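J.: coords please:
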Amino acid sequence: MKILNMLVVMVLAGLLVAAAQADDSVYGQWYDESQPGHGIVVQPVGGDYTAQWYFHDGDQAWWVVTDVCAPEETCPAWTARAQAFPAAVSKLVDAGTVTLSRSGEYLLLEFDLQITEVGCWSLPGPFPAQCIGNDGKPDRARIYQPGLSQTGAYELDLLVPWQ
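T.: Modelled structure (predicted):
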């Protein structure tokens, strides 16, 4: 009977340890109620993660993705940039860095975003509406996509845990 009790205790202890480890996971879908239009999806890749962060800066929506990174390490991030219109020719460009870690029940998202603007002068055409002047002609002096320089941190709530 002692052996059976020990086995039960060991199994329960193992389940508790596994549950505690799962609670420390950065994986899942996270959001910040005070930041409408803002969230991050963190997917496991082995013991590491990759993340897709979407947010609105007050003027436009942004989409930032990370490389495969370990939690609590600074990770390079990119955003999509169109090099022509329509966006048939697009590529990932450097967006800065992102660091993800657990802060109790929250996901701590620390970021240093440095995204350069795209001017109409760099587009081959046909030109999108942002590059057309009031006279209806292309205006290469206009900005097609504004840049973004932002550093900060958010504590995000878990919306959907990774299954």
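
J.: okay, and the beta partners of the residue most central in space within the chain?
T.: By Cα atoms, centre = their mean, the chain has its centre lying nearest to Trp53, at 2.2 Å. Under the criterion DSSP bridges, Trp53 forms beta bridges with Ile40, Val64.

J.: that one contacts Glu110, doesn't it?
T.: No - look at Trp53 against Glu110 with Cβ atoms under 8 Å: they stay out of range, at 11.7 Å. Any C-beta I mention is one placed from the backbone N, CA and C, and that applies to glycine too.

J.: got a list of what the residue nearest to the centre of the chain touches?
T.: When contacts are counted by Cβ atoms under 8 Å, 6 or more residues apart in numbering, Trp53 touches 39-40, 63-66, 77, 98, 109, 111.

J.: with respect to pLDDT, which of the residues you listed ranks lowest?
T.: Of all the contacts of Trp53, Trp63 carries the smallest pLDDT score, 89.

J.: tell me the contacts of that residue?
T.: For Trp63, the contact set (Cβ under 8 Å, 6+ apart) comprises 52-54, 79-80.

J.: quick revisit: now distance to Gly147 too, for the contacts of Trp53, in a markdown table please.
T.: Output for the contacts of Trp53, formatted as a markdown table (distance: Cβ to Cβ, whole Å):
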| residue | distance to Gly147 |
| --- | --- |
| Gly39 | 22 |
| Ile40 | 21 |
| Trp63 | 15 |
| Val64 | 13 |
| Val65 | 18 |
| Thr66 | 20 |
| Ala77 | 15 |
| Val98 | 17 |
| Leu109 | 21 |
| Phe111 | 15 |
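
J.: drop anything exposed from these.
T.: Neighbour-count burial (16 or more other Cβ atoms under 10 Å) applied to these gives 39-40, 64-66, 77, 98, 109, 111.

J.: in space, what's closest to Tyr106 - neighbours in sequence excluded?
T.: Leaving aside its sequence neighbours, Tyr106 sits nearest to Glu155 (Cβ to Cβ, 6 or more residues apart in numbering; 4.1 Å).
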